[in-house]
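K.L.:
model this:
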Amino acid sequence: MRRHFSMHSRTDALKEMAADELDLIVIGGGITGAGIALDASVRGMRVGLVEKNDFGSGTSSRSTKLIHGGLRYLKQGEVKLVQEVGRERAILYQNAPHIVVAAPMLLPIYKGGTYGYLASSIGLYVYDWLAGVERKERRRMLNREETLRQEPLLKADGLKGSGLYYEYRTDDARLTLDLMKTAAQHGANVVNYAEVKQFLYRSGRVCGVLVEECVTGRTCHLYAKQVVNAAGPWVDEVRKLDGSLTGKRLFLTKGVHLVVNHERLPVKQSAYFDTPDGRMVFVIPRGRITYIGTTDTAYDLSIDTPRTTKEDRDYLLRAVNAMFPSVALTKEDVLSHWAGLRPLIYEEGKGPSELSRKDEIFISDSGLITIAGGKLTGFRKMAEKVVDLVADNLMKETGKHYPPCSTEKIVISGGERMGYAAYEDWKKEMFKTGTAKGIDPRTVTEWIETYGTNTLKIYERFDALSTKDGHSSMAERELTAQLLYSLEEEMTVSAVDFLRLRTGWTYFNLKKAEENKEKVITLMAQLAGWDQAEVERQRQEVERLLELIHCLPENDQVQRGQVQVENAEQPRKN
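P.N.:
Residues are numbered from 1 along each chain as shown. Alright, predicted model coming up:
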């Protein structure tokens, strides 16, 4: 049964979940939870998923935004991990062509660097072989002169050559959302802004959760035969609620990315290179911007609000300027940035960059299933392992057998080719359709790259609107159509979620976000029926987000002091 995915259907979805016992409740609306909800619903389970914030608002919108095999994991000897995520990469490229885009990647090789020329050649060959890369995308080794022609901005001193290979760029927040929408299409009930406050038990076994709907403050009891904790960096907090935080636990590391104008860092393709302290950093061109990342530092502050610091910013600027000396980036060049947390599994004696990115399943005495660790690229296999376990438990409890995983065959919402053999041909047709309606070609391109085939649903709303209906300009009509789609079919609850997670504007086009923030708030107020108090609250949320982008603490120690002061100033609840 196909579910509605509207901001207006959230309360009904919770009521439906509460009406009867589910087969599975998933806690966490990031990429892992979305994958589990999709897999379980495709197999025929009755699934409910709750997320305390917006979908993908944590780690799943703050990664390097690459679907990649992880070249450095091969160096660490994690052959099976590289092989698995390499194959997953190909599946995603097939099933989500609208948001998984092939991106050439240059690996410059320097005297005394992390990778030697011969080792790089062999490593990239093995990498391609393990990942099952198509012949046209297999690595090419370039000598020094060829490398400088390929990327003239590179530091020439000590350069020996390079490897040119393929990775895939994505929008992690959009991928998570489109997976969630696909799960809903297969019958899963999913709700954002619904926080688990406590577990419910029967004879010492977890049998459900008490959930608070965060917009209204109402609570409800949800019951299920199986409960999975897929809360990413918050999994240990959820385990605490269950009283089962024993044995292995998370080790959080922070990764920061900077965004600059592409004109200031006009690389011809993505690059993956050594930093002066021996780490590796990406630079990735994306339209009119280039982004840089990432750092990898231990983190023990607020999980809800990881911050980019001046120390993080300066580290990445130094790294880029050392590799591309002619660009001479300064702090004034940084347009935007983001900081995310990696939920790694702690291993004694290992530093942040040495910890494995493998996933692991924990099962508590109460029966709570927790999935921790893992990579963005590996979400589907992580989900398969979890749902296999859930299916086995359900079979033992009810005698019902469920089919094996088949999500490798499921086209993700927005990736439909509509009868075209090649998605690129379908994109061209969608572009013609949009421009024929008089929509700005830049807007058409942005919609297609953001929403894929779901752009057709925005066109429908655009056609239903008219400048005679109070829309003062074509631009306002375009924005209204986009917002209508976002509210009615993407469960968008707040202006911040639209500006950051639905469009990516605060990441990749901050100027557009700032220019349109008031229009977005005003139009959303009309479409969602907000009163003046809610409008003001939404405005404050947007200003707070922009303030976090523009004002950086010196470092995490300074941030620790700021958080302590802010917490001390909060009024106590009686």
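K.L.:
where do the helices sit along the stretch 51-200 of the chain?
P.N.:
71-75, 79-95, 117-131, 144-150, 172-185 (DSSP state H, counting those that start in this stretch).
K.L.:
and residue 455, which of the ones you listed is closest to it?
P.N.:
Nearest to residue 455, of all the helices of the stretch 51-200 of the chain, is helix 172-185, at 12.6 Å by Cβ to Cβ. Just so you know, the C-beta spots here come from the backbone N, C-alpha and C atoms, and that holds for glycine as well.
K.L.:
ok, back up a step: return the most buried member of the helices of the stretch 51-200 of the chain.
P.N.:
Neighbour counts (mean count of other Cβ atoms under 10 Å) averaged over each of the helices of the stretch 51-200 of the chain peak at helix 172-185, with a mean of 26.
K.L.:
any idea how far it is from the chain center?
P.N.:
Between the centre of helix 172-185 and the centre of its chain there are 10 Å (Cα atoms, centre = their mean, to the nearest Å).
K.L.:
can you name every helix or strand that that helix contacts?
P.N.:
helix 31-42, strand 47-50, strand 189-191 (3 or more Cβ pairs under 8 Å, 6 or more residues apart in numbering; DSSP states H and E).
K.L.:
now with 7 Å, please.
P.N.:
helix 31-42, strand 189-191 (3 or more Cβ pairs under 7 Å, 6 or more residues apart in numbering; DSSP states H and E).
K.L.:
residues near residue 526, how many?
P.N.:
12 (other Cβ atoms under 10 Å).
K.L.:
CA-only coordinates of stretch 140-151 in PDB, if you can.
P.N.:
The C-alpha trace of stretch 140-151 is given here as PDB (Å, rounded to 0.1, in the frame of the first residue of the first chain):
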ATOM      1  CA  ARG A 140      44.700   5.500 -16.400                       C
ATOM      2  CA  MET A 141      48.200   6.300 -15.200                       C
ATOM      3  CA  LEU A 142      49.600   9.600 -16.300                       C
ATOM      4  CA  ASN A 143      53.200  10.800 -16.200                       C
ATOM      5  CA  ARG A 144      54.300  14.200 -14.900                       C
ATOM      6  CA  GLU A 145      53.700  16.200 -18.100                       C
ATOM      7  CA  GLU A 146      50.300  14.500 -18.700                       C
ATOM      8  CA  THR A 147      49.300  15.200 -15.100                       C
ATOM      9  CA  LEU A 148      50.100  18.900 -15.400                       C
ATOM     10  CA  ARG A 149      48.100  19.100 -18.600                       C
ATOM     11  CA  GLN A 150      45.200  17.300 -16.900                       C
ATOM     12  CA  GLU A 151      45.400  19.700 -13.900                       C
END
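K.L.:
got a list of contacts for that stretch?
P.N.:
Applying Cβ atoms under 7 Å, 6 or more residues apart in numbering, the set of residues contacting stretch 140-151 from outside is 106, 108, 121, 154, 156, 159-164, 267-268, 271.
K.L.:
which one of these is nearest to residue 251?
P.N.:
Each of these was scored against residue 251 by Cβ to Cβ, and residue 271 proved nearest at 28.6 Å.
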